Each structure stands twice: as C-alpha cells, then as structure tokens.
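Novice: quick one, what's the 3D model for this:
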Amino acid sequence: MDLHFGDSKPTDEERAAVDALLGPPESSWEGADRSDADLRWARGGREARERRDLLLPGLHAVNDRVGWISDGALDYLCRRLTVPPAEAYGVATFYSMFSVKPRPATVLHVCTDLACAAAGASELCAGVEARLGLGSGVSVERSPCLGLCERAPAALAIKAGEPVRTAVSAPATVESAVLAGSAPDSAPEEPPAALAVPQAGDPSLLLLGRVGVVDPSSLDDYRAHGGYTALRQAFAIGPAGVIREVTDAGLVGRGGAAFPTGRKWQATASQPDHPHYLVCNADESEPGTFKDRVLMEGDPFSLVEAMTIAGYAVGAHKGYLYLRGEYPRALQRLEHAIGQARARGLLGDDVLGQGYAFDIEIRRGAGAYICGEETALFNSIEGYRGEPRSKPPFPVEKGLFGKPTAENNVETLVNVLPILTIGAQAYAAIGTGKSTGPKLFCVSGSVDRPGIYELPFGATLGELLELAGVRERLRAVLLGGAAGGFVRPDELDIPLTFEGTREAGTTLGSGVVLAFDDTVPLPRLLLRIAEFFRDESCGQCVPCRVGTVRQEEALHRIVERTGAEAAGDIVLLREVGRAMRDASICGLGQTAWNAVESAIDRLGAYE
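Specialist: Just a heads-up that it's a prediction; the model follows:
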C-alpha cells in the first residue's frame, strides 16, 4: 500500500507523547531520525498494521499532552501504525473531545443537556463564556451530557500536559466553573460517589451495598465485604455452571435492549473460532444516565471481579473495558483496581491459582454517543470510526477483531456477583416473573434527592419518585433518556419493568427517570433532544443522517408558527420519524423520534 504523508513534522512534545505509547521507532519508515537508506524497503509493516487498534489511544496521547492534534502529530502517528492519514483524520474528527485545529491547552466542557438544561445550564454557559473570553487560555465548549446529572448543572475542565489534569464542578456556579477552567489544580475535590446514592448504607442493597461502605481504593476492604466470593464460586462450578446460573436467574441486559445474558454468553462460549473476547461497555452517554459511573467510582473492584467471571464463562482471556472519556475519576479508580488485582494474582496468567489466564485493558472513548452501540464500540476499539456494523453476523459470531465477543454494560456484569453468591433461584425471586432481580434507576431533574436508586423490578414509577422526593407541579417524566419517552403525572402507577413500560407505550431503557416541573419549557427541551441526535448521528445511513436534521428544523419552525402551519410540520415530523424508525441501521436513528412523538401524543406539547 502506498501511503501519502504530508510534509508537516511533529513537535518534540508530540513525538514524545506517541513514543511513550508505542515505544521508539525502529526505522526511518516509522519516522525515526536516521539515514533515509532504510526507506528503500518497508520493515515491520505487518506488525504495524496489526497495531491499528492503538490509533485511538495514540490520538488520546497527543490530545492529552498538547490539547489538540496537529497535522504533524497525526502524520507521525500514522507512520508508526501504517495507517493512511486520510483514515486517521476521519477517526480524529469523529470524536467531540479531540480537535484538529489549534486551541488552548485547557478545555472547559459545560453540559447543556436535559438535566443541566432544566437546572439553568444556559445562564451558566453565558456567564462562563463572558468571564472566560478570548485570551483567557481556556476554551469553553458546550457539551452533551457529562454523566453528572445528580449534581446538575455540571462542568468538566481538562488541562493538557504531562500529566493531564482534570477538575469537575458540579453543581456548578459561574465562579466554580471558572475556577475549574482557569486553575484545575485549585478546584475543590469532587464529593464521594456515595453522595449519589441516597440509599447508601442499606445492607439489603445487592448492587450498591458496598458504595459508601467500602474504601474504593482498597482491595483488602473489598474482600472483607464479600469481594471475590463470586469468582471462587465460579471456579467451583465451572464455565458451563456459571452460564447455567445466569440463565436460570433470568438476567437480561441492563443497557436497554434487555437481551438474555445467559443466551449471549452461551452463544459466545460455543463458537469454535478463537480467541474469544469480552467487552464491557462503560460508555454510558444517554442523557440522564450516570449509574455506571457511580458503580465504577464507588465499587471498582466489583466490576473487575464481574468481568473476570464473564471472561471465564465465555472462554475469553482478554477483556476490554471501554470507558467514557468524560469520566476521569472512574478512569483513575479502575486503573488502580486493575493494577491491584493484577499484583495480587486476581488478574494475569494464573487467576487465583486456577490455571485460568485473564486480563483487562481499559480503552477510553472520546465523546461519541453512538459508541454505546456494541458494533460501533468494536470499530472504535479497532481504530476505525465508531460507526455501527450491519447484522448479521452478530457479535457472538464475529465481534471485536472479527472474533466471537460477549459485550455487556457495567450494571449487567455487576448483577452476576449476587447471582453467584445468593444463587439463581433466590435472585430470580426478586422482581417479577419476566423482569428478575434489582434494577438501578438514575433519577434527576425536579426532585429533592436526585441520585441512583436500587429497587426490585416491579416497583412503580410513583414509588420511585416518592423516594426521590418529587416536587409539586410535576409536568412530565422522561423515561429512558433522550431515546425514551415522556409520561404524564397521572401515569405514575406504571410498573418499572421492561414489559410494564412496553404495555404503557413507553420504554424503560437504561433506567433514566428525568422529572420536569412546569417551570421547564417543554418545546425548548424537545429542541435540545433533537439537537442531541443531530449532533450524535454518525451519518452512515441516510434515514438518520437526514432525518435528525429535518426533525430539528421542523421543531424550530413549530416554535415560530401556529395553526395550520404548525400542524403541517407535525405531519412532517411523523413521516420523518417513521422513516428513521423503520430504516435506520442502529438504535440511534430508530429511537431519535421517540421522545418528540410521546411529547406530542401524551403531553400535547404543541396544542
């Protein structure tokens, strides 16, 4: 392959950032400062191409060190990996956290999504932008959901350098956000993860029981509170026994699709092609979702243990944990937990002396909602644009690197621990016959006690909101986030199960519950949802690429029109929505119309 590189050269800092990840180059072909004599032939091309999956970490390395990705840095990274620069440019520009244009070393991301919008994000953004204008050395960027909804409004500052420094301001004021952006090292420390769990300390909790009780940095403390009991039980019953327990427990995916976990694991384990892979999807980017963040920050060893069990069950020896780029504290906690587990023989070549080899590698996302779709996530890890693949083949047959892959999100995996410790029968007795076990709900918006709540499937929406302290003058509740649907205040008896919400004409999704009182302008909220899907569409398929834009345009017009003109745009919205739902490749386009449709039909948003 003849790769055409530009004439731009990397700076010493950019070169050092790439070399720290990949090691020093071995020849001029890879960009070493040596004689051009060895450019007459290529050496190590196959090996370099097999490292294509290091493209995303390489982009992170440069962006973290310098704050943006120059042509010279991109060319140098491409030489090291034998990746066409045009393809690498397509990857670099796919993610919102990267920039291929010069910008200040410090970027302040201010959330403007649903929970933050209801909490005054517009005023916060205006105030911060006025204070941190040109010449401040800080780039202020309006951001989609940062996963800090329980402390809305929120801001995240990232200052490039060695090392990269971050600061979170939530709930943010203009002053605290400006301080986080201008002096990240001086910003106050984040509150503990337990503050996001109003039920913290309740011994009956199966998933959140250790959050706020156990030191998240201590492996010994985790083991003293029941940690690694489930893994020992897994080794005692064997891979087939683990899959049987998970199947009998009735565990289904908690990310929204609700696919039976046992069936997925069995299908992966039975594939003759090897190696098998396990992927943990920790890229929760649905507006209003923050449960996985709280689990990773407050109980990181539980995820490490759960991934080890899942890998053992499906016959995988390598697990990838794909983590949101906007979760710096979760990254630090998980890196520490994985290092501790590896040092103590709980990861590596011989886990717990059982002759089973398994290890975990963290891969950071960089701001792309679509990468929550499993095949888009695989493409992202492999070093390509995070665009969904057509199915079949399904991931259990050909997933990551074209090999059989089991993919689950954080909450799904952590549910495996109580299944193995209390038994499948006891677990299945929790909840309802079709939706078994406990479920985590992310409650935010117009409530007094926002946070993560653990309830058995079957509890009603009203019971959940009562726990969270719903405020008076409730206008609507959004279930499932931007991809979900609205319900009215007189529909709070809806049972929180997959089948119950389906029968009620809405969706449970990943467990988002956003409450809005009558002070929140509903048309502006719907417009923000439409803007979100327009921005986050990967653009691969026409129905989604065009439909999300047409949906936003129609909503803009409706705000300015009345009567017959507005009615015509609502008809257009329905046609566009049906086309997206029926013809889009993945769930983003298929659900982009849901919230708007429910607001029109159930809430009478534009009457």
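
Novice: buried ones in stretch 126-137?
Specialist: By neighbour count on 16 or more other C-beta atoms under 10 Å, the buried set for stretch 126-137 is 127-128, 131-132. (C-beta placed from N, C-alpha, C; glycine too.)

Novice: return the subset of the residues you listed lying in helices.
Specialist: Judged by DSSP state H, the buried residues of stretch 126-137 include 127-128, 131 as members of helices.

Novice: ok, so of those, who is nearest E387?
Specialist: For these, the closest approach to E387 (C-beta to C-beta) belongs to V128, at 33.1 Å.

Novice: what's near enough to touch the residue nearest to that closest one when sequence neighbours are not counted?
Specialist: Distances taken as C-beta to C-beta, 6 or more residues apart in numbering place A177 nearest to V128, at 5.0 Å, with adjacent residues excluded. Contact analysis of A177 by C-beta atoms under 8 Å, 6 or more residues apart in numbering lists 108, 110, 124, 128, 155, 169.

Novice: same check on I600?
Specialist: Contacts of I600 were listed using C-beta under 8 Å, 6+ apart, and they are 570, 573, 606.

Novice: 7 Å - rerun?
Specialist: By C-beta atoms under 7 Å, 6 or more residues apart in numbering, the contact set of I600 is 570, 606.

Novice: for it, what are phi and psi?
Specialist: phi -70, psi -50 (degrees, to the nearest 10).

Novice: quick one on the thing from earlier: for the buried residues of stretch 126-137, give me CSV that also has pLDDT and distance to P163.
Specialist: Below are the buried residues of stretch 126-137 laid out as CSV (pLDDT from 0 to 100; distance: C-beta to C-beta, whole Å):
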residue, pLDDT, distance to P163
G127, 95, 30
V128, 95, 25
R131, 93, 26
L132, 91, 23
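
Novice: out of those residues, which one sits closest to G484?
Specialist: Using C-beta to C-beta, the buried residues of stretch 126-137 come closest to G484 at V128, 29.4 Å.

Novice: how about low-confidence regions in this structure?
Specialist: Low-confidence segments of the chain, defined by pLDDT under 70: 1-4, 33-49, 561-564.

Novice: and the strands in it?
Specialist: 106-111, 138-143, 155-159, 165-169, 276-282, 316-323, 359-364, 405-409, 438-445, 451-456, 474-479, 485-487, 512-517 (DSSP state E).

Novice: could you dump those strands to CSV with distance to Q540 and mean neighbour count?
Specialist: Below are the strands of the chain laid out as CSV (distance: least, C-beta to C-beta, whole Å; neighbours: other C-beta atoms under 10 Å):
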stretch, distance to Q540, mean neighbour count
strand 106-111, 26, 26
strand 138-143, 23, 20
strand 155-159, 28, 27
strand 165-169, 31, 24
strand 276-282, 19, 26
strand 316-323, 19, 23
strand 359-364, 21, 18
strand 405-409, 19, 27
strand 438-445, 29, 26
strand 451-456, 33, 22
strand 474-479, 27, 24
strand 485-487, 25, 25
strand 512-517, 25, 26
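
Novice: how close does the most centrally placed residue in the chain get to T432?
Specialist: Nearest residue to the geometric centre of the chain (C-alpha atoms, centre = their mean): D283, 1.6 Å. Distance of D283 to T432, given as C-beta to C-beta, to the nearest Å: 29 Å.

Novice: also V140?
Specialist: For V140, the distance to T432 - C-beta to C-beta - is 47 Å.

Novice: now do S136
Specialist: From S136 to T432 the distance is 54 Å (C-beta to C-beta).

Novice: repeat that for V549.
Specialist: Taking C-beta to C-beta, one finds V549 at 40 Å from T432.

Novice: and what of L420?
Specialist: Counting by C-beta to C-beta, the gap between L420 and T432 amounts to 22 Å.

Novice: so between these two, which is more surrounded?
Specialist: Per other C-beta atoms under 10 Å, whichever of L420 and T432 has more neighbours is L420, with 25 against 17.

Novice: isn't that one right up against Q233?
Specialist: Yes - counting by C-beta atoms under 7 Å, L420 touches Q233, with 4.6 Å between them.

Novice: what sits against D75?
Specialist: 5-6, 8, 85.

Novice: let's see it at 10 Å
Specialist: The contact partners of D75, taken as C-beta atoms under 10 Å, 6 or more residues apart in numbering, are 3, 5-10, 14, 31, 85, 88-89.

Novice: okay, helices next: where are they in the stretch 451-600 of the chain?
Specialist: Remark: helices assigned in the stretch 451-600 of the chain by DSSP state H, counting those that start in this stretch are 461-468, 498-503, 522-536, 542-560, 563-583, 587-591, 594-603.

Novice: please name every helix or strand in contact with the shortest one.
Specialist: In terms of contacts (3 or more C-beta pairs under 10 Å, 6 or more residues apart in numbering; DSSP states H and E), helix 587-591 is packed against helix 522-536, helix 542-560, helix 563-583.

Novice: go through it and flag the buried ones.
Specialist: 588-591.

Novice: ok, now the fifth one?
Specialist: In terms of neighbour count (16+ other C-beta under 10 Å), helix 563-583 has its buried residues at 566, 569, 572-573, 576-577, 579-581.

Novice: how far is stretch 8-20 from where the chain is centred?
Specialist: 29 Å (C-alpha atoms, centre = their mean, to the nearest Å).

Novice: report the buried residues of it.
Specialist: 10, 14-15, 17-19.

Novice: now do stretch 251-271
Specialist: For stretch 251-271, by 16+ other C-beta under 10 Å, it's 251-256, 258, 261-262, 264-269, 271.

Novice: let me see the contact set for P328.
Specialist: Applying C-beta under 10 Å, 6+ apart, the residues near P328 are 156-158, 164-168, 190, 364.

Novice: picking up where we left off before, how about the residue nearest to the centre of the chain, phi and psi?
Specialist: Per degrees, to the nearest 10, the backbone of D283 is at phi -100, psi 50.

Novice: so R165 touches T106, yeah?
Specialist: Yes - contact criterion C-beta atoms under 10 Å: R165 and T106 qualify, at 8.8 Å.

Novice: list residues touching both of the two?
Specialist: With C-beta under 10 Å, 6+ apart as the test, R165 and T106 both reach 157-159, 183-184.

Novice: need those residues in JSON lines (columns: distance to G500).
Specialist: JSON lines is the format used below for the shared contacts of R165 and T106 (distance: C-beta to C-beta, whole Å):
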{"residue": "A157", "distance to G500": "41"}
{"residue": "I158", "distance to G500": "41"}
{"residue": "K159", "distance to G500": "46"}
{"residue": "A183", "distance to G500": "49"}
{"residue": "P184", "distance to G500": "45"}
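
Novice: need the max-distance pair from those.
Specialist: I158 and A183 (13.4 Å).

Novice: tell me, what's touching these two both at once?
Specialist: Counting by C-beta under 10 Å, 6+ apart, the common neighbours of I158 and A183 are 106, 165, 167.

Novice: closest to A483 out of the residues you listed?
Specialist: For the shared contacts of I158 and A183, the nearest to A483 is A167 (30.0 Å; C-beta to C-beta).

Novice: next up, the contacts around that closest one.
Specialist: A167 touches 106, 108, 155-159, 176-177, 179-190, 328, counting by C-beta under 10 Å, 6+ apart.

Novice: same thing with F235?
Specialist: In this structure, F235 makes contact with 241-242, 309, 312, 351-356, judged by C-beta under 10 Å, 6+ apart.
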